[in-house]
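Asker: here you go, sequence then predicted model.
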Amino acid sequence: MTASSFEAARLTVRLGAVAANYRECGRLAGPAAVAGVVKADAYGLGMIPVAKALAAEGCDSFFVARIEEGVALRRALAEARIFVLDGASPAAIPALVAHKLTPVLNSLDEIAAWAGAARGQRGGLDAALQIDTGMNRLGLPPYEVTTLAAEARTRLAGLRVVLIVSHLASSDDPASPQNAEQLRRFRTALAMLPPAPASLSSSGGILLGRDYSFDMVRPGIGLYGGNPQPGQPSPFAVAAALTGRILQRRRIDKGEPVGYAATYRSARPMLLATVALGYADGLMRAIGNRGVGAIGGVRVPVVGRVSMDLITLDVSEVPEALSAPGGTAEFFGDTIRLEELAAAAGTANYEILTSVSPRVPRHYLGEAAR
């Protein structure tokens, strides 16, 4: 008997679908290069298996958020170019240099600190620059871009600027005028600065068209099967499925309560299945009495509250052979898209993926998982 034979839940990751989504990004954005955004443990799917699968497809550039993510990825991919979005704080500089990580510099102070480190390195250091074009989060604001443009020779001395990036705030909405405005501001900034490859688009930006692609695109959610523009058709294949094991099935009469605080009462006699998934596994409590699961491709409503380890489904319309203890229920995957679960929880597909807890075993389909 193996551990998987009695697992309560699992996240199945289809590395072949991740690879197919990577190729689709290349088709949509070509001839731009495609980098892999693998921060937050590849959005919960597993950074190392996912990055290896992408590398097998020819991906040679990756983005992480935290320096510790970059250090872990460097151990797995010795030759990859790894960009760290958090930048280069003085305390981080020794580790960035030691592990050959490329910081995305977000301010004149960070540029100065990294240029200072470059003076101690034969041949200098690679750097990426982030321009704030309207997100007002990270990146050089317009007045710092103006200063850098006027003093680029001295401020960038010792640095090889290998990429200039910005980030779209509203690419999930193709009708938003902010997209075109950020594109305009990015082009203006690029014209002011020394020439370097440029990158503006993540997954949503790729779907805005090739005007937004520049030299490199940085897909994240699209690689993992999420729709970066909810409400629009998605070109991306399902890459992950969250399932839980059915632990028990019972019949209840009309008027019976279900779950904590009796927030649900049956309007008719009903067949219930209790499934081993709860908010400790990352299944959000907000879907109580409003979300759905799926058994054998049949959609079934969540009844009652989501508890820490369990969730209850109305399986009255499911063939009893499928809803017996030991069977499985899907909460996102082929039948229920990430976006549907996100809507029921009042959140985004990004949060659904990254919330799946470490308690849920990951199972990888595809050669690069080894």
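Answerer: Good, I have the coordinates. Numbering: from 1, shown residues only.
Asker: OK, contacts around Val275?
Answerer: Residues near Val275 by Cβ atoms under 8 Å, 6 or more residues apart in numbering: Gly244, Arg245, Ile246, Leu247, Gly293, Leu310, Ile311, Thr312, Leu313, Ala329. The way it works is simple: take the backbone N, C-alpha and C, and place the C-beta from them, glycine included.
Asker: ok, and for stretch 360-367, which residues are buried?
Answerer: Val360, Arg362, Tyr364, Gly366 (16 or more other Cβ atoms under 10 Å).
Asker: and these, which is closest to Asn21?
Answerer: Gly366 (12.6 Å; Cβ to Cβ).
Asker: the closest one touches Ala53, doesn't it?
Answerer: Yes - here Gly366 reaches Ala53: they are 6.0 Å apart, a contact under Cβ atoms under 8 Å.
Asker: could you pull out the residues contacting both of these two?
Answerer: Joint contacts of Gly366 and Ala53 (Cβ under 8 Å, 6+ apart) are Leu15, Val18, Ala19.
Asker: pLDDT score assigned to the residue sitting nearest the centre point of the chain?
Answerer: The centroid of the chain falls nearest to Tyr43 when counting by Cα atoms, centre = their mean (3.6 Å). For Tyr43, the model assigns a pLDDT of 98.
Asker: how close does it sit to Leu223?
Answerer: With the distance defined as Cβ to Cβ, to the nearest Å, Tyr43 ends up 8 Å from Leu223.
Asker: again with Ala118
Answerer: For Ala118, the distance to Leu223 - Cβ to Cβ - is 32 Å.
Asker: quick check: closest non-adjacent residue to Gln178.
Answerer: Ser170 (4.3 Å; Cβ to Cβ, 6 or more residues apart in numbering).
Asker: how about stretch 22-39: buried residues?
Answerer: 22, 24-26, 28-29, 32-39.
Asker: verify the contact between Glu181 and Gly134 for me.
Answerer: Yes - assessed by Cβ under 8 Å, Glu181 is found in contact with Gly134 at 6.4 Å.
Asker: neighbour-wise, which of the two wins?
Answerer: Counted by other Cβ atoms under 10 Å, Glu181 and Gly134 do not tie: Gly134 has more neighbours, with 19 against 14.
Asker: quick check: which element contains that one?
Answerer: Assigned by DSSP states H and E, Gly134 belongs to neither a helix nor a strand.
Asker: the nearest residue to it once chain neighbours are set aside: what's it in contact with?
Answerer: Nearest residue to Gly134, sequence neighbours excluded (Cβ to Cβ, 6+ apart): Gln182, at 4.9 Å. For Gln182, the contacting residues are Thr133, Gly134, Met135, Ser166, Leu168, Ala169, Leu200, by Cβ under 8 Å, 6+ apart.
Asker: what's the distance between the last one and Ala191?
Answerer: In this structure, Leu200 and Ala191 are 14 Å apart, going by Cβ to Cβ.
Asker: now swap in the second one and tell me
Answerer: Spatial separation of Gly134 from Ala191 under the definition Cβ to Cβ is 17 Å.
Asker: more neighbours, Ala118 and Leu223?
Answerer: Comparing Ala118 with Leu223 by other Cβ under 10 Å, the one with more neighbours is Leu223, at 29 against 20.
Asker: now do the domain split for the protein, please.
Answerer: 15-217, 240-336 (automatic domain parsing).
Asker: mind giving me CSV with those and columns for distance to Ala343?
Answerer: Output for the domains of the chain, formatted as CSV (distance: least, Cβ to Cβ, whole Å):
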stretch, distance to Ala343
domain 15-217, 13
domain 240-336, 9
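Asker: closest to Ala8 out of the ones you listed?
Answerer: domain 240-336 (3.6 Å).
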